[in-house]
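[1] Predicted model and sequence below, questions to follow.
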Number of protein chains: 2
Amino acid sequence: MASSRFAVAVHTLALLARAGGQPLGSCAIARSVNTNPVVIRRTLCALARARVIRVRRGAGGGAELARAPHAIRLLEVYLAVNGGSTFALHPAPRRRCPVGRNIHSVLCWVQGEIDEAVRRTLAEITLQDVLERL
Amino acid sequence: MASSRFAVAVHTLALLARAGGQPLGSCAIARSVNTNPVVIRRTLCALARARVIRVRRGAGGGAELARAPHAIRLLEVYLAVNGGSTFALHPAPRRRCPVGRNIHSVLCWVQGEIDEAVRRTLAEITLQDVLERL
DNA sequence: GGAAAGTGTAACCAGTATGGTTACATTCAC
DNA sequence: GTGAATGTAACCATACTGGTTACACTTTCC
C-alpha cells in the first residue's frame, strides 16, 4: 500500500507558497486537502524537522515556507515524509544455499540503483516547477 | 509497507538460472527462500504470465527460465510482481480551491518522472548481472 | 492574568495489504 | 489409476495508513 503522504506534502507546500509568507493553519490546509487537521499536522512536523517549513505555535500561528519555492527540491520533501525503499528484502533466505546466502547483497545493490535514480529525478524538480504547472 | 515480492522473484529466478534447464518445484524454491510453497507459486504465476518463465504442471513439473539470463531484464520482473506506483495520490482534494483543483495533474507528472527513472534503471539490469554478483 | 487560537502528540479505530497456512481441484508422467 | 506437482480459494495474524478524539502546551491579544 503506497502512502499518500508525499502527495499531501506537495499539496501543502503549494498552498504555503501561494499564501506568500502569511502563516497558514492546519485547519485551512486540511480543508483544501480534504482531510483531518491532525493528518496535516503530522506532515507539517516532518517538513519542519527537514527545515523545509517553519511552524509557529499559539494564536495567529501556522506554517510558512522556510525558503523560496525555487530553493525547495521535491527530493527533500520525499525524504522527509517517505522514509522507506521501493521494495523490501525478504527476511531470512537460507544460509546453506549459495543463492540464499548472497542474494541480499545483490538486492541491496539493486535497491541502491533504484533509490539513486529516484533521488536524481526528484532533486531536479523544485516547488517552483510545481507552482508553474498548477 | 513495501512488499518483498520483487526480492522473492529475483531470488527465484537466480535459482532457476543455476538449475540449468532442470525444472525446479515450488517446494525446493521455498526452502531456499525460506517461505511457504504457496507464496512461491503465487510469484511463479505472475512470472509465467509475463513470459519470463515456463511452468509445467503435474508430476516431474516445475518452473524453468523462458529465456537466457542475459535476455531477462529486471524491469520485466518488477512490472510482473509489483504493479503499483511509488506514492499514492490523495483521494479527493477540494475542487473549489485553485490548488486542490489542479494538484493531481502535477502529481501525476511527478509520478511519471519517477516511474520513468525506475524503469530506465531496471531495464539496464539483467538476470545475468545478478548471477555475476552472486 | 486569562481567554482564545493554535500546534504537538498520544491513543484508538477501521480499512487494507501482505505473507503464511490449509485445503482442494486440476494436470501430467509413468 | 496413482503419485507428484501446480493453481487458486479461503482464512488468519500482522502491520501500515488515514481518520478521529482528546489533551497538554505555547503564543497572542485583551
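    Received the coordinates, thanks.
[2] Quick check, central residue of chain A?
    Centroid-nearest residue in chain A, with Cα atoms, centre = their mean: A:Tyr78, separated by 2.8 Å.
[3] was I right about that one contacting A:Ala123?
    No. A:Tyr78 is beyond contact range of A:Ala123, at 9.5 Å (criterion: Cβ atoms under 8 Å). Placement of C-beta: from N, CA and C, glycine included.
[4] which residues does A:Glu113 contact?
    Taking Cβ atoms under 8 Å, 6 or more residues apart in numbering or on different chains, we find A:Glu113 in contact with B:Thr121, B:Ile125.
[5] quick one: secondary structure of the spatially closest residue to A:Leu89 that is not a sequence neighbour?
    Among residues not flanking A:Leu89 along the chain, B:Ala7 sits closest, at 5.1 Å (Cβ to Cβ, 6 or more residues apart in numbering or on different chains). Assigned with DSSP: H, G, I helix; E, B strand; the rest coil, B:Ala7 falls in the helix class.
[6] do the same with A:Glu64
    Assigned by three-state DSSP, the conformation of A:Glu64 is strand.
[7] okay, now it: neighbour count?
    17 (other Cβ atoms under 10 Å in any protein chain shown).
[8] A:Glu124 too?
    12.
[9] so who does it touch?
    Residues near A:Glu124 by Cβ under 8 Å, 6+ apart: A:Arg73.
[10] any idea how far the residue nearest to A:Leu89 lies from B:Ala14?
    11 Å (Cβ to Cβ, to the nearest Å).
[11] what is in contact with the two at once?
    Common contacts of B:Ala7 and B:Ala14 (Cβ under 8 Å, 6+ apart): A:Ile103.
[12] Could you count how many residues lie near the nearest residue to A:Arg119 once chain neighbours are set aside?
    Distances taken as Cβ to Cβ, 6+ apart put A:Leu75 closest to A:Arg119, at 5.9 Å, once the chain neighbours are dropped. By other Cβ under 10 Å, the residues close to A:Leu75 number 17.
[13] Would you check how far apart A:Leu75 and DNA strand C are?
    22 Å (Cβ to the nearest atom of the strand, to the nearest Å).
[14] Kindly report the same for A:Arg133.
    Remark: distance between A:Arg133 and DNA strand C (Cβ to the nearest atom of the strand) = 26 Å.
[15] Which residues lie in contact with that residue in this structure?
    Listed by Cβ under 8 Å, 6+ apart, the contact set of A:Arg133 reads B:Asn102, B:Ser105, B:Val106, B:Trp109.
[16] what comes up buried for the helix ranked longest in chain A?
    Longest helix of chain A, by residue count under DSSP state H: helix A:98-123. Within helix A:98-123, the residues that qualify as buried are A:99-100, A:103, A:106-107, A:110-111, A:113-114, A:117-118, A:121-122, counting by 16 or more other Cβ atoms under 10 Å in any protein chain shown.
[17] near DNA strand C, anything from it?
    No. Helix A:98-123 is not in contact with DNA strand C by Cβ under 7 Å from any atom of the strand; minimum separation 12.9 Å.
[18] what does chain A have sitting close to DNA strand D?
    Neighbours of DNA strand D within chain A, by Cβ under 7 Å from any atom of the strand: A:1, A:3-5, A:8, A:35-36, A:38-39, A:56-61, A:84.
[19] and the residue lying farthest from the centre of chain A, which of the three is it?
    No residue in chain A sits farther from the centre than A:Arg96, which is 39.8 Å out by Cα atoms, centre = their mean. Look at A:Arg96: counting by three-state DSSP, its state is coil.
[20] can I get the CA coordinates of stretch A:45-55 in CSV?
    Extracted C-alpha coordinates of stretch A:45-55, given in CSV (Å, rounded to 0.1, in the frame of the first residue of the first chain):
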residue,chain,number,x,y,z
CYS,A,45,6.0,18.2,11.7
ALA,A,46,8.0,16.1,9.2
LEU,A,47,8.5,19.0,6.9
ALA,A,48,9.6,21.3,9.8
ARG,A,49,12.1,18.7,11.0
ALA,A,50,13.6,18.8,7.5
ARG,A,51,13.8,22.6,7.6
VAL,A,52,11.5,22.9,4.6
ILE,A,53,9.0,25.0,6.5
ARG,A,54,8.8,26.9,9.8
VAL,A,55,5.9,26.4,12.1
